Every structure is written in C-alpha cells, then in structure tokens.
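**Student:** here is my input; please provide its structure:
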Amino acid sequence: MTRVGSRQLAQISVVMFTLAAISCGGGGSGGATPPTPSPSGNPAPTVSSVSPWTINAGASAPNITVSGNNFVAGAVVNLDAIQLATQFVSSAQLTASVPSSTQILAGTHAITVTNPPPGGGTSSTAAQLTIAPTLAAVAPDAATVGSVVSVTVFGADVNTPANNVLTFTQTGRKFTVKGSGATASGSGVSVSVTVPVGLVPATAASSIAAPATLSASINSTPTGNSLPFEVQPPSHALTISPGSAEQGTTLSVALAGSFTAFGSSTSLSSDDLGLGLSNIVIRAPDFITATLAIAGAVPAGHHVLTVTSGSTPVAFDFVVLPASTAAVTLSGLSVTSAAPLAPMTITGSGFTGSGQTNSSLIIHYSFGTATADFPAAAKSDTELDTLVPGLLDPPTGSLYIGPVNVQVVVNGKPSNTLTFSMLVP
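**Tutor:** Numbers count the residues shown, from 1 in each chain. Below you'll find the predicted structure:
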C-alpha cells in the first residue's frame, strides 16, 4: 500500500475544493450567467382630467388639480410648453398654480405632466384647460353710435387683432365688431371698438331702446362676463314717419331732425336686403324723404334704417308688421270744401290696422304737383277726426287753394281716394 504524505493530501484537498466550487456554480465559464438587475427608473405619467376645466383670464394665480396615474415626487404640470409651480399630492393627483393668466392668451390649452428622470418623461395624454377672456372696463361706458370706445380685456390677443371680436347686445339683437389697435394696458390689453350702427338710444320711443351689454370672444373663446353699455342719443336726433308698415307694402317715409350737413354724401341704408330704399330726396338740411319697399319675406319685427351723413351714422327703429288681409277703405268726408284748420271727420274702415301693435296711420294729401303726409290717430276702426292742414303750393310758396285728394295709409297700406276743395283761409 502506497502511503500518501501530508503535502499530497493538501494538494488533493485543493483539487476537491475547486471541483466542488465549480459544481456549485461559483465560477468558471462552463455554467449559466447570473441575471443582471435593471436600474431603478420612474414610470411614464398619464393625465385623465383637470379641475376646474375653465378659468378666467386675469384671475390671481388660480390653482388647478390634475388627475391621472404614475405621478412621482418632482413631477411638473405643463400648460402647453409652460411649466407650472407644482405640488405632489399622490401618484394620482397633482396641484399647480397658473401664474398671471393675463400673460396667456384666451383659448383652449393642453395640460400634460412630466415625471423626472431616470425614466419618467411627459405624458402622451393631455387634459384641456380653457382660459376665458375677461372684460375689465369700457371707457367711456356711454357713447353714441359711431363713436370709438376703449375696452380693456384680460387674455386678448395683441399680435392678432382680428381674433379680438366684441359683441354689443340690445334686446336680443346682436352687433359684432372686430377690435383694432390692441395695445398692452397694465395687466390687460386695450382694444378700440366702434359702437355699431343699429343700436338704439335708451331714450328712443322704441321697444328695443334698452341698455346694451358688451361681451367679447377672443380666439373664438367667449368671455366669462359682460359689461353694461349705454347708447346715447346723437346730438342731431331724428324722427321717422311712419314708424311701421306691413310686409309687402311700399310707402314714403320722412326722416326729420336737426341735421346741418346733409349733402351729396348722405346715404340711407337698411339692415335687410328685403327693405328696398329708393327716391332719396334731401328736402332741407333737416328733412329727407324716401320710398321704402318692404318685401313680403322680410321678417316681422324691429329693423334698422340708417342715415349716414359724412362720417356720422344715425339709426332709426322701424317696425315691419305681419301682412294683414284687412283693407283700408274711405266712405266719406264730413266736408266738401274747407279752409285750413277746419275740423274734418273721415269715415271708412280698417283705420286701426286690425289692432296690430305699433300700427301707424298717415293721412296722405295730394294737391297740384305736391304731396304731404300727416301722422294721425284713429278714433275707432271706422272714424278719424282731424283738422284740415294748411298746404303750401311749391311753385309759389303760398297757401294752396283748389282740389285736394285724401287717402288714409295704415301700416303702409293705402286706401281709396276722396276729394274736397281747399278754400281761402
């Protein structure tokens, strides 16, 4: 038997220890490589909603709450490309403060969230936050049609004035104008606006003569508020006669007032293509007549006739009445001949316009080559009391003497004709 020395035993022990280590996976290239743990990273966030979903421009740093998933400490809320001061609440909620919203244009903006690295990144989903423009002031807050007023708006667009649209509303009627000359004004924007033609002074004898309100739409986003605005009467206030007529009628209208600058530049227009104006004649510096043809399709209700002399427009409220089948007929005059200021009773039917509200009645006189119209009020549907007017003969400028034809025109609808003789007073 061969004896093993102590040195040999030590060598054998080393070999056996190495084999054991290899069989246990402790080293060597012949076994499986152990997995390498991945570095720790933040998840990508998702956004589901924002509350409130609309704020008013000009508000003092309003807070918004953003809801979603996978938010981590250090996450930041973004308004478009603007990073907002953000507070971490939970993995599903963040709050953020919107700085001076007057620095951000009114409109709809994207709200996203960015998680910090490692990993992280910006959410692929976004919530929508609407910043509504706010009207701060209008100066002056009372003006005539055609005047220019300055409106201060939070959230308005200085660089694209066409996006600044302002609306005057009066008794349901809306007049929209574009702002101009937008300039920075404190924390807001000052926009110049011309008070639109069609607004009726609050002092006018009209059912639409009520205080107006001013609102705006900036970048197609309506304001969250409105401001009161008073339409003042022009210094050259006018009257229109008659003030109403039925659909499908043609009549002569007279516009009178304290104008001093009627001339070739004077024009007369309407707010509906179905209201045709012709035969416009300047009778005097303060008196215009015209023929108004009302198409049958013109909507019944209040309409606007506008006189423009130079750069000064003046609006009149004119009422189009529903067409009536009732005829206006004359059956008799209480006089066959009379001098000016003599009492005269006209009898017939249809004088009250079938009881329509805003009915107008005109006595139309034609004599020689001239005509004259006088507003009147019927005593009843069949009787009208008046005084014989003094009529001037245009060629001579003296009182007319001779035959006079009489018609009664109710809501633009003329009657048949009766005649009497004008006598020397």
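**Student:** contacts and neighbour counts: CA atoms only from here.
**Tutor:** Noted.
**Student:** any idea how far Thr194 is from the residue positioned nearest the centre of the chain?
**Tutor:** Central residue of the chain (Cα atoms, centre = their mean): Thr167, 3.0 Å from the mean position. As judged by Cα to Cα, to the nearest Å, Thr167 and Thr194 stand 11 Å apart.
**Student:** mutual contacts of the two, please.
**Tutor:** Val177 (Cα atoms under 8 Å, 6 or more residues apart in numbering).
**Student:** the stretch 151-300 of the chain: helices as residue ranges?
**Tutor:** Per DSSP state H, counting those that start in this stretch, the stretch 151-300 of the chain carries no helices over any range.
**Student:** export stretch 229-248 as CSV, just CAs?
**Tutor:** C-alpha atoms of stretch 229-248 as CSV (Å, rounded to 0.1, in the frame of the first residue of the first chain):
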residue,chain,number,x,y,z
PHE,A,229,-73.1,99.9,-22.0
GLU,A,230,-75.5,102.9,-22.6
VAL,A,231,-76.2,104.0,-26.2
GLN,A,232,-76.6,107.8,-26.1
PRO,A,233,-78.8,109.7,-28.5
PRO,A,234,-77.0,111.7,-31.2
SER,A,235,-76.8,115.4,-30.9
HIS,A,236,-78.9,115.5,-34.1
ALA,A,237,-81.7,113.2,-33.1
LEU,A,238,-84.1,112.2,-35.8
THR,A,239,-87.7,111.0,-36.1
ILE,A,240,-89.1,108.7,-38.7
SER,A,241,-92.7,108.8,-40.0
PRO,A,242,-94.4,106.4,-40.4
GLY,A,243,-92.5,104.2,-38.0
SER,A,244,-94.1,100.9,-39.1
ALA,A,245,-95.7,99.2,-42.1
GLU,A,246,-96.9,95.8,-43.2
GLN,A,247,-95.0,93.2,-45.1
GLY,A,248,-95.5,93.5,-48.9
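**Student:** may I see the buried residues of that stretch?
**Tutor:** Across stretch 229-248, burial judged by 16 or more other Cα atoms under 10 Å covers 229-234, 238-248.
**Student:** and Asn115, how many neighbours does it have?
**Tutor:** 23 (other Cα atoms under 10 Å).
**Student:** from Asn42, how far out is the closest residue to it other than its chain neighbours?
**Tutor:** For Asn115, ignoring the flanking residues on the chain, the nearest one in space by Cα to Cα, 6 or more residues apart in numbering is Ala75 at 4.5 Å. For Ala75, the distance to Asn42 equals 10 Å [Cα to Cα].
**Student:** any shared contact partners between these two?
**Tutor:** Asn115, Pro116.
**Student:** neighbour count winner among the two?
**Tutor:** Ala75 (22 against 16).
**Student:** and the more buried one, how far from Ser100?
**Tutor:** In terms of Cα to Cα, Ala75 sits 21 Å off from Ser100.
**Student:** what do you get for Thr417?
**Tutor:** 74 Å.
**Student:** the more surrounded of the two?
**Tutor:** It is Thr417, of Thr417 and Ser100, that has more neighbours when counted by other Cα under 10 Å, with 17 against 14.
**Student:** pull the contacting residues for the more buried one.
**Tutor:** Going by Cα under 8 Å, 6+ apart, Thr417 touches Leu330, Asn405, Val406, Gln407.
**Student:** which members of these are positioned in helices?
**Tutor:** Among the contacts of Thr417, no member falls in helices (DSSP state H).
**Student:** farthest-separated two in these?
**Tutor:** By the measure Cα to Cα, Leu330 and Asn405 form the most distant pair in those, at 11.9 Å.
**Student:** domain assignment for this protein?
**Tutor:** 46-132, 134-231, 238-321, 329-422 (automatic domain parsing).
**Student:** pick out the shakiest of the ones you listed, pLDDT-wise.
**Tutor:** Mean pLDDT is lowest for domain 238-321 among the domains of the chain, at a mean of 79.
**Student:** which stretches in the stretch 1-150 of the chain count as helices?
**Tutor:** Going by DSSP H, counting those that start in this stretch, the stretch 1-150 of the chain shows helices at 6-23.
**Student:** quick one, strands of it?
**Tutor:** Using DSSP state E, counting those that start in this stretch, the strands of the stretch 1-150 of the chain run over 46-51, 54-56, 63-69, 76-79, 82-83, 85-90, 93-97, 107-115, 121-122, 127-132, 134-139, 142-143, 148-154.
**Student:** looking at those strands, which is closest to Met422?
**Tutor:** Per Cα to Cα, nearest to Met422 of these: strand 142-143, 48.0 Å.
**Student:** give me the contact list for that closest one.
**Tutor:** So strand 142-143 is contacted by Val149, Val195, Phe229, Glu230, Val231, Gln232 (Cα under 8 Å, 6+ apart).
**Student:** thank you, goodbye.
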